[in-house]
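*Asks:* Take a look and give me a structure for this.
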Amino acid sequence: MTGGCAGAFFLLAFVSYGMGSALAGQLAGTALVVLNSVMVAAIGVLAFRALRRSRPGAAWTYLVARGAEAFLLTAGIVLLDSAGAGAADIAYQGAMLSLGLGSLPFCLALDRQRWLPRWLAVWGFAGYALLATGAAAELMGAGVGVVLAIPGGLFEIVFGLLLLARGFVPSAAVQPSAAPVGAPSAVAVDGDSRAGRAALAAGLGLLLMAVLAGLANFGVVDRLVSSDAAETSTQMLSNQRAFVLAVVALFAVVCLDVLVAWALRAFFDDTHRTVPLLSAWCRTAYAVVFAVAITYLIAAAGLLHDGPATDEISPNVYAYITEFEEIWSLGLILFGIHLLMIGWLAWRSPTVPTWVAVLVAIAGAGYLADSIGALVSAAYTIQVAAVTFGGEVVLMVWLLVFAARSRSHRRSNPDGNRARELRQPA
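*Replies:* Residues are numbered from 1 along each chain as shown. All right, here's what the predicted structure looks like:
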């Protein structure tokens, strides 16, 4: 049933988006594009349900990628009316880049589960890689995206028909054997393994976020934006390609935010029953607010691409940049609350050192102070988070060290690993 529904959505999404694009600018066209986005998100949810137990990493990546695609496709149709064709095209190419990159581990998982013939899985992997390459080329100014999207598009049609015919067909499951004498220690090893994988996912996600956000925000956006609207537009016109790539990098940070949120939830799952879930949803809500803020940067980039003259577009570009900063600042309230909850969980955790928990909580308090201060008074200029953000860095390093130690422990405990293998399905 799950696979059949996913197959139907694969095929119907083609029809709805094609017709919606043909009717662009009309109410019916907007409705069809939104319907396509709903089906795209539904495909991600259905695939997640099918893969989350056997391939959780691929399942989460595909779910977030499909969600990002759905968001950007909807944003594109809205931006077409408010900011022009340039902004809509940037949103569309960003959606295709998300789909292409997020589908690569999905195809590998389908092959390892033997839910697809090897040749079809290879076709899908190559097709999505070409789709991502074409989208990146379009964002860089090379018009090759349509040609490179053809193999991936054909794969989705074939895959959709295959899902309609037989659905997701996992390999036959084998019941686990009776637990041997060493089973209790195997349970502990399994718990350590899960915690280690969650720590590695969260740590690597935080590291990649730090790199992307640093390059995009501090290396490009902050460097191009000044207090003068005309100067800002002139700088951005001279660095359009870098600005577009910075916007894409910031949206990648949004996706990583969601993945890190749920990896941290998995890591602290044994610490408390409800707070890890609340913290994950809080950071996910922040990611949504951040994504909405980034649409204003997309609008600014679109105006720079389509605008007739700097003196005419400067006020609008500057207004979009201001909206981005204000909405992001509001979203950081949610982010600060998330860090406070993570700090509390770390305090209660028997694994995380107390000093790490304190620094994470201080980082959350810094974001809250800055965001609420700016909301209460326009004269607020203090940047507390510029000092307290070190708690995030400390958490990232500690998670990576914990993951490395956990992996080393599993390698040095072959008896426990053997017991775990005996408990697992063949």
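
*Asks:* which residues of the stretch 151-300 of the chain score low on pLDDT?
*Replies:* For the stretch 151-300 of the chain, applying pLDDT under 70 flags the ranges 169-192.

*Asks:* quick one, helices of it?
*Replies:* Using DSSP state H, counting those that start in this stretch, the helices of the stretch 151-300 of the chain run over 183-213, 222-224, 229-238, 240-267, 275-306.

*Asks:* Make JSON lines from those and add mean neighbour count and distance to Ala109 to it.
*Replies:* In short, each C-beta sits where N, CA and C put it, glycine included. Below are the helices of the stretch 151-300 of the chain laid out as JSON lines (neighbours: other CB atoms under 10 Å; distance: least, CB to CB, whole Å):
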{"stretch": "helix 183-213", "mean neighbour count": "18", "distance to Ala109": "15"}
{"stretch": "helix 222-224", "mean neighbour count": "15", "distance to Ala109": "38"}
{"stretch": "helix 229-238", "mean neighbour count": "18", "distance to Ala109": "40"}
{"stretch": "helix 240-267", "mean neighbour count": "22", "distance to Ala109": "16"}
{"stretch": "helix 275-306", "mean neighbour count": "22", "distance to Ala109": "22"}
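
*Asks:* Looking at these, which is nearest to Met140?
*Replies:* Closest to Met140 of the helices of the stretch 151-300 of the chain, according to CB to CB: helix 240-267, at 6.3 Å.

*Asks:* got the angle for that closest one vs helix 275-306?
*Replies:* Using axes from the mean of the first three to the mean of the last three CA atoms, to 10 degrees, the direction of helix 240-267 lies 170 degrees away from that of helix 275-306.

*Asks:* Quick check: which element contains the residue lying closest to Ala47 once chain neighbours are set aside?
*Replies:* Distances taken as CB to CB, 6 or more residues apart in numbering place Tyr62 nearest to Ala47, at 5.4 Å, with adjacent residues excluded. For Tyr62, the host element (DSSP states H and E) is helix 56-82.

*Asks:* what distance separates that helix from the centre of its chain?
*Replies:* 9 Å (CA atoms, centre = their mean, to the nearest Å).

*Asks:* From Met19, how far off is the residue nearest to Ala47?
*Replies:* Between Tyr62 and Met19 the computed distance is 26 Å (CB to CB, to the nearest Å).

*Asks:* Compare neighbour counts for these two and give me the winner.
*Replies:* Tyr62 (25 against 15; other CB atoms under 10 Å).

*Asks:* wait, the more buried one sits on Gly100?
*Replies:* No: counting by CB atoms under 8 Å, Tyr62 stays clear of Gly100, with 11.7 Å between them.

*Asks:* Can you report how many residues neighbour the spatially closest residue to Arg197 that is not a sequence neighbour?
*Replies:* For Arg197, ignoring the flanking residues on the chain, the nearest one in space by CB to CB, 6+ apart is Ala403 at 7.6 Å. When neighbours are defined as other CB under 10 Å, Ala403 has 21 of them.

*Asks:* give me the element Ala403 is part of.
*Replies:* Applying DSSP H and E, one finds Ala403 within helix 390-411.

*Asks:* Could you give me the buried positions within that helix?
*Replies:* Buried residues in helix 390-411, counted by 16 or more other CB atoms under 10 Å: 391-392, 394-396, 398-400, 402-403, 406-407, 410.

*Asks:* Can you lay out those residues as JSON lines showing pLDDT and distance to Arg53?
*Replies:* Formatted as JSON lines, these follow (pLDDT from 0 to 100; distance: CB to CB, whole Å):
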{"residue": "Gly391", "pLDDT": "89", "distance to Arg53": "33"}
{"residue": "Glu392", "pLDDT": "92", "distance to Arg53": "31"}
{"residue": "Val394", "pLDDT": "94", "distance to Arg53": "33"}
{"residue": "Leu395", "pLDDT": "94", "distance to Arg53": "28"}
{"residue": "Met396", "pLDDT": "95", "distance to Arg53": "28"}
{"residue": "Trp398", "pLDDT": "95", "distance to Arg53": "28"}
{"residue": "Leu399", "pLDDT": "95", "distance to Arg53": "23"}
{"residue": "Leu400", "pLDDT": "95", "distance to Arg53": "26"}
{"residue": "Phe402", "pLDDT": "93", "distance to Arg53": "24"}
{"residue": "Ala403", "pLDDT": "91", "distance to Arg53": "21"}
{"residue": "Ser406", "pLDDT": "84", "distance to Arg53": "21"}
{"residue": "Arg407", "pLDDT": "80", "distance to Arg53": "22"}
{"residue": "Arg410", "pLDDT": "67", "distance to Arg53": "20"}
